[in-house]
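Engineer: Can you look at this prediction? I've put the sequence above it.
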Amino acid sequence: MEYQVPQFIEVEDKIIGPLTLKQFIYLAGAAGLVVVFFSYLPFIVAVLFSIPVAGLGAALAFYKVNGKSFVEMLEAGFNYYTGKKLLLWKYTAPTAQETSAAASAAAAADAAARPVRGAPRLTSGKLSELAWSLDVKSSSSETPRRAA
């Protein structure tokens, strides 16, 4: 027995004209608030308040950020600003004991990096001579083989 599997399950149904139910509710709510502003406030103040409300209603209804609706982005931003933050590193000033320990470690590392007096130096000339002598001695120590 075969069953039909719905193909487009992430697409919302257009209920009111070209708008989904969510889009219609956002636009109707913004329009209702604008009507309330114009009926109870002076014209200039109503215009100043209604422009951001109409913009927010339009953004909630139609604007998408990286494929996510503006409502989800607002929710994520609100949760970020109100939620706890995980601090992985917090700077504390070093104490005098830690500073002296770091200074002594730096001095020991500096002393270890300096060459020891009387130690032989290996220059590029000496290195190439050593490599040549190893090549010559190893090839001369082998006995040549006779071809059969």
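Structural biologist: That came through, no problem.

Engineer: list the buried ones in the helix or strand that contains A58?
Structural biologist: Using DSSP states H and E, A58 maps to helix 43-62. Buried residues in helix 43-62, counting neighbours by 16 or more other Cβ atoms under 10 Å, are found at A46, F49, S50, V53, A54, L56, G57, A59, L60, A61. Placement of C-beta: from N, CA and C, glycine included.

Engineer: how near is the third one to K85?
Structural biologist: Right, S50. In this view, S50 and K85 are 36 Å apart by Cβ to Cβ, to the nearest Å.

Engineer: can the buried residues of helix 43-62 go into JSON lines with extra columns for distance to Q4 and pLDDT?
Structural biologist: Compiled in JSON lines, the buried residues of helix 43-62 are given as follows (distance: Cβ to Cβ, whole Å; pLDDT from 0 to 100):
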{"residue": "A46", "distance to Q4": "52", "pLDDT": "95"}
{"residue": "F49", "distance to Q4": "50", "pLDDT": "96"}
{"residue": "S50", "distance to Q4": "47", "pLDDT": "96"}
{"residue": "V53", "distance to Q4": "44", "pLDDT": "96"}
{"residue": "A54", "distance to Q4": "42", "pLDDT": "96"}
{"residue": "L56", "distance to Q4": "40", "pLDDT": "95"}
{"residue": "G57", "distance to Q4": "37", "pLDDT": "96"}
{"residue": "A59", "distance to Q4": "37", "pLDDT": "95"}
{"residue": "L60", "distance to Q4": "34", "pLDDT": "94"}
{"residue": "A61", "distance to Q4": "32", "pLDDT": "93"}
